[in-house]
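>>> sequence unavailable; structure follows:
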């Protein structure tokens, strides 16, 4: 210990004052002899500090010094430092800067620590041995550091796992310092047991990493953006004046006439960039991205294998890692910042009618989140025309309901059509006119306008995708992402922590087998071990059990969904039979409505519950696959989650649309489930009305309960629980908690960012509701529009006020979600074709109108679709118990089907009319599908993916960049020629010198040759 103490005293007086960003000393501040001589430049202080220690003394002895430092000495030096400033927290802007108030905090690492009585004993011993060694601490050091190395058997023993975590943090932070980052520790926080490591990236590190990441930065060169002329210019100016009230009051949102030329940052070409203000050249989003890349790349090699930040977080060495928000967003005397501006102009329900400040969102959160909100904005805008057309179609149905001849015939009591019983024994015969309300309501959605609307929505989906591609290209140009593919290849994804752990496990298994086989294992250094681990890969054999589990798990989940739908079908059938026994006429008349409504509500509750369950299962199935990179993990998770949630949300709707009423049988020969329950039938007006009810309740229920109440309620509940915990702590230490919290403490209490997958997923499922079954529910786009207006502000408020600031991720598109959207758009054409032809009565009406109608009208259509049944042909025990319920004896009852009458030779066989209608239905599906697909592809072809003006601007940028470099090269050549001429002239002058100067000839020549260098 004496030796180490001597080295500590030898630290020069000019050592920088402030926390040393070095894990070897863990934020201990060394007080210079003269406080006024503390230098401002801190870039090289770590190397100076290490230079006074021999290489062999940087291991165990340094840890011993830490053991003394951590326990804490007399604190009056820190009191002296604190007295220099009235409010040190205000000087560092409450955690946004280091204690010196100059270096900005770019990233935060959080860890848990435990205090030990062993540390206190060691502190007393250390003070008795050498009271002259003092460590001035602005931030309380990590307690109990290195205690086990100094303690005897009589002292309490610390937790091995805590020591292991601490040593890993020490090494990792030391490696961060070697990478050029500056660290400062703070354990004197209001959250007990939590320590914070503040990270700052100095200018040279930012430049180095920006060059490595090929970040495009604005140069000094500015150019004029091409403006429209003539009529287009006038139209644009009129549109700008009209839309001015709905534009956000944000500088980034104003139309630009000039743009800075951007170029990947290069330290050799710094003169090209505008470095007049180095503090703002790299904004906070870029700085945090750079630091995160260093954190991912830096490893800790203790325990024989490398661990990056993801592994350290997964193993609990650090509990959190996040960049800071720019400041507070509410309260008095809050300094203006981007977060506050976003809260006022974006994350507020009062500005729901305004455009989103997408450029400011991208500036604060990064391109990936900016693209999500831009896509959501485009989708919401495109829902406006779809909603208008849907309302018109619905109003057309309302206006023509009294002119609809089939529904008028069904409601006409003079027809006196007696229908066969809906169930065995307990159900009696019933009048068709009792289903009048259902028939009239079904016309609202089952009319010729719905066919037009289906075609319109198919073209709408294609137009939406093309419009988004064009918008995406504009954003790529504005955000300087036009050459991003090469950058993605250059900066490869880092392996995930779980993948590294699995590879390590595989390597250790091989090592163990080698030891068992040979009885020894050669010693390997950490670097060799890491190289060997890097060579290991997970093959398909390693992943086969996970793949098998995935396959079986997904099949089981899909089967579970089908089983639940089947269970709801049983519920509907049994409930309908039970309600039919009711003696009240009102109960019997409302059987169908009651059963449908309750069954749909059950379906909704099951869907919401299974959605949460399937989300967790999809994540677990993806985790056991152990994908190598985060990108692979995200894509596999999206595929599984979308598959399960798609099946979960749409299976009940598919059943009603395509299966209900198809396998019923006929009177006297019904199809039974479990030999007791008859398959349920569609209403006389068709199943389209029931499909509409099912779709509307599930869609609206999911949006109201799952999307909005969950997103609002659960965060509020978590916030309230955190508030109660803090309130309990404040009662214990009132004075401490009355102080204003540091920024990183406030952000630590926020929810961690969980990714964009849940946000995209709910919108994609909604897109399916809007497009897949739109023929049955024309008001779906309207309800989606109303939901999205709230959803945008809800998500914005969540990102700005309730979540920790996510690390900015560069992206030029929305990834796999675009392909899913295209797939849903194609599927929508096919499903709507089948809904129109098989679920609605559109095709049977056309067939009757053009093949069977005597006067070219729809009169007689209802009678044409009904078949006759002789009640004497009922199977034994299935006839109604009360055949005289209608007041007269029934000989012939009717049922909806195309079959031969009982007086025919082939009674109850399928008639020719059935085959004619089936052929027409199949023909319609083929024609509709191919026609709409062709029109969609035509829309796709006729609208260019890249707007013409953007392609011109991109070309202009390339030309200007070539000109800039050509001028630079020409300038270099001219300078070289000038130097050569001056060098030649100087040489001639030197040759003409007198002989007495010959002694200094060589010196003269050297000075002559050094002249160009001086220039």
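Perfect, thanks for sending it. Keep in mind that this is a model prediction, so the values were computed, not measured.

>>> CA only for contacts and neighbour counts going forward, please
Will do.

>>> helices and strands around the longest helix seen in the chain, which ones?
Using DSSP state H to define each element, the chain has its longest helix at helix 948-991. If you count contacts as 3 or more Cα pairs under 8 Å, 6 or more residues apart in numbering; DSSP states H and E, helix 948-991 packs onto helix 448-478, helix 1001-1014.

>>> quick one: low-confidence residue ranges for the stretch 651-800 of the chain.
Within the stretch 651-800 of the chain, the stretches with pLDDT under 70 are 684-685, 707, 726-740.

>>> can you give me the strands in it?
All strands of the stretch 651-800 of the chain, identified by DSSP state E, counting those that start in this stretch, fall at 665-666, 669-670, 672-673, 677-678.

>>> ok, and what's touching the last one?
By that I understand strand 677-678. The contact list for strand 677-678 (Cα atoms under 8 Å, 6 or more residues apart in numbering) reads 423, 570, 573-574, 664, 670-672.

>>> partner strands of it and their direction?
Partner strands and pairing direction for strand 677-678 (DSSP bridges) are strand 672-673 (antiparallel).

>>> ditto for the first one
Partner strands and pairing direction for strand 665-666 (DSSP bridges) are strand 669-670 (antiparallel).

>>> can you tell me what sits against the partner strand?
Taking Cα under 8 Å, 6+ apart as the rule, strand 669-670 contacts 664, 678-679, 875.

>>> so, low pLDDT: which residues of the stretch 301-450 of the chain?
Using pLDDT under 70, the stretch 301-450 of the chain drops low at 302-307.

>>> and the helices in it, which stretches?
For the stretch 301-450 of the chain, applying DSSP state H, counting those that start in this stretch gives helices covering 309-314, 338-345, 358-365, 367-400, 405-411, 436-445, 448-478.

>>> now the angle from the last one to helix 358-365?
Inter-element angle recorded for helix 448-478 and helix 358-365: 60 degrees (by axes from the mean of the first three to the mean of the last three Cα atoms, to 10 degrees).

>>> what do you get for the longest one?
Here helix 367-400 runs at an angle of 140 degrees relative to helix 358-365 (the same axes, to 10 degrees).

>>> on that earlier part again, could you identify which of the helices and strands packed on helix 948-991 has the lowest mean pLDDT?
Mean pLDDT values for the helices and strands packed on helix 948-991 show the minimum at helix 1001-1014, a mean of 38.

>>> how far away is residue 212 from residue 368?
20 Å (Cα to Cα, to the nearest Å).

>>> the two: which is more packed in?
residue 368 (19 against 16; other Cα atoms under 10 Å).

>>> start to end distance for stretch 265-272?
End-to-end span of stretch 265-272 (Cα to Cα): 9 Å.

>>> which other residues reach that stretch?
Taking Cα under 8 Å, 6+ apart as the rule, stretch 265-272 contacts 207-208, 210-211, 214-217, 219-221.

>>> mind listing residues that contact stretch 216-226?
256-265, 272-274, 480, 949, 953.

>>> give me the buried entries from these.
260-265, 272-273, 480, 953 (16 or more other Cα atoms under 10 Å).

>>> what's the burial count for residue 821?
18.

>>> if you compare the strands of the stretch 651-800 of the chain, which one is most tucked away?
Greatest average neighbour count among the strands of the stretch 651-800 of the chain goes to strand 677-678 (a mean of 18), per mean count of other Cα atoms under 10 Å.

>>> so what's the gap between that strand and the chain middle?
46 Å (Cα atoms, centre = their mean, to the nearest Å).

>>> cool, and stretch 183-194?
For stretch 183-194, the distance to the chain centre is 31 Å (Cα atoms, centre = their mean).

>>> endpoint to endpoint, it covers what distance?
Criterion Cα to Cα; first-to-last residue distance in stretch 183-194 is 17 Å.

>>> mind listing what the residue positioned nearest the centre of the chain touches?
In the chain, the C-alpha nearest the mean C-alpha coordinate belongs to residue 756, at 0.7 Å (Cα atoms, centre = their mean). If you count contacts by Cα under 8 Å, 6+ apart, residue 756 has them with 369, 372.

>>> mind checking how far it is from residue 770?
21 Å.

>>> repeat that for residue 949.
From residue 949 over to residue 770 the distance is 33 Å, taken as Cα to Cα.

>>> what do you get for residue 986?
From residue 986 to residue 770 the distance is 82 Å (Cα to Cα).

>>> okay, the two: which has more neighbours?
Taking other Cα under 10 Å, residue 986 and residue 770 do not tie; residue 770 has more neighbours (26 against 17).

>>> just checking, that one touches residue 781?
Yes. Using Cα atoms under 8 Å, residue 770 is in contact with residue 781, at 5.6 Å.

>>> give me the angle between the lengthiest strand in the chain and helix 948-991.
In the chain, with assignment by DSSP state E, the single longest strand is strand 216-224. Angle of strand 216-224 versus helix 948-991, following the same axes, to 10 degrees, is 100 degrees.

>>> mind checking pLDDT for the nearest residue in space to residue 843 that is not next to it in sequence?
The shortest distance from residue 843 to any non-neighbouring residue, by Cα to Cα, 6 or more residues apart in numbering, is to residue 837 (5.7 Å). With respect to pLDDT, residue 837 has a value of 89.
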